[in-house]
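In: Predicted structure and sequence below. I'll ask about it afterward.
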Amino acid sequence: MEQLAFQDVFSGDLSQCWGCGCHNPHGLQIKSYWAEEGQETICTWQPQDQHTAAWLNVLSGGIIASLIDCHSVSTAMMVALHDAGYAWTSEPPVIYITASLQVTYLKPTPMTSPVTIRARVTEKGKKKMLVQSSLFAQDELCARGEVVAVRYTPATQ
Ligand SMILES: CCCCCCCCCCCCCCCC(=O)SCCNC(=O)CCNC(=O)[C@H](O)C(C)(C)COP(=O)(O)OP(=O)(O)OC[C@H]1O[C@@H](n2cnc3c(N)ncnc32)[C@H](O)[C@@H]1OP(=O)(O)O
């Protein structure tokens, strides 16, 4: 049986996110999974021709930032739900959003094979998490990411 990705259970607004919403037909539709439950997550994604930077076989830096952003925020939510003992549900009781995103581009990222992002939470606060990630293509480290994800409380709550 195919493993369910974290984003597969999102519904409503969450499923429309351009980077990770499974119901946004124009988006990247990334899929995040545990690599090591509670600790490390993984996302593998195949670039398409339209995701190119100026050079045909180089992935756009903006797309790289979006992949890192969405996988990292999804990681923060997965860790928060895991730590609180919640099951994944279509409307998770804990939502995180991006407060800051930093990407270091180490080398051009080729587009002919899938890219893999591995992420883990390296600092946990009451309302925020620091998520560090590495993006690989063809087994080479091409970019690093650092995201501050903050717990989001809708004004209506
Ligand atoms: C509104 C949209 C709703 C969407 C609902 C659906 C969500 C769907 C999720 C699915 C996965 C999506 C993945 C894509 C993720 C995005 O693309 S989200 C879109 C881009 N991000 C945004 O639009 C966020 C805009 N910014 C904000 O709304 C507010 O600035 C924030 C981030 C909620 C922070 O608000 P705030 O009032 O400053 O929060 P506050 O309680 O004062 O601070 C909490 C903690 O965070 C720290 N902090 C706050 N900002 C920063 C910062 N920039 N750097 C470092 N630390 C910071 C504070 O120092 C504080 O730390 P502690 O004192 O607890 O140690």
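Out: In hand now; what should we look at?
In: Next, residue 142: secondary structure please.
Out: Following DSSP: H, G, I helix; E, B strand; the rest coil, we place residue 142 in the strand state.
In: and it, what does it touch?
Out: Contacts for residue 142 (Cβ atoms under 8 Å, 6 or more residues apart in numbering) come out as 64, 105-109, 115, 135-136. Every C-beta, even on glycine, is put in place using the N, C-alpha and C of the backbone.
In: Could you tell me which of the residues you listed belong to helices?
Out: Applying DSSP state H to these, the entries found in helices are residue 64.
In: Mind picking the one among the contacts of residue 142 that's closest to the ligand?
Out: Within those, proximity to the ligand (Cβ to the nearest ligand atom) peaks at residue 64, which comes in at 14.4 Å.
In: Check whether the closest one really touches residue 103, as I assumed.
Out: Yes: in terms of Cβ atoms under 8 Å, residue 64 counts as a neighbour of residue 103; the distance is 6.4 Å.
In: Provide a list of residues in contact with residue 117.
Out: Residues 42-45, 67-68, 71, 133-136, 145 are the ones in contact with residue 117 under the rule Cβ under 8 Å, 6+ apart.
In: Apply 7 Å and report the result again.
Out: By Cβ atoms under 7 Å, 6 or more residues apart in numbering, residue 117 lies in contact with 43, 67-68, 71, 133, 135.
In: What residues are bridge-paired with it?
Out: Beta-bridge partners recorded for residue 117 (DSSP bridges): residue 43, residue 135.
In: Per-residue confidence, it, what does it come out as?
Out: As summarised for this prediction, residue 117 has a pLDDT of 98.
In: quick revisit: which of residue 64 and residue 103 has more neighbours?
Out: residue 64 (23 against 20; other Cβ atoms under 10 Å).
In: before we move on, the earlier item: out of the contacts of residue 117, which is nearest to the ligand?
Out: Proximity of the contacts of residue 117 to the ligand (Cβ to the nearest ligand atom) peaks at residue 71, which lies at 8.7 Å.
In: Please verify my assumption that the closest one contacts residue 33.
Out: No: in this structure residue 71 lies outside contact range of residue 33 using Cβ atoms under 7 Å: 10.2 Å.
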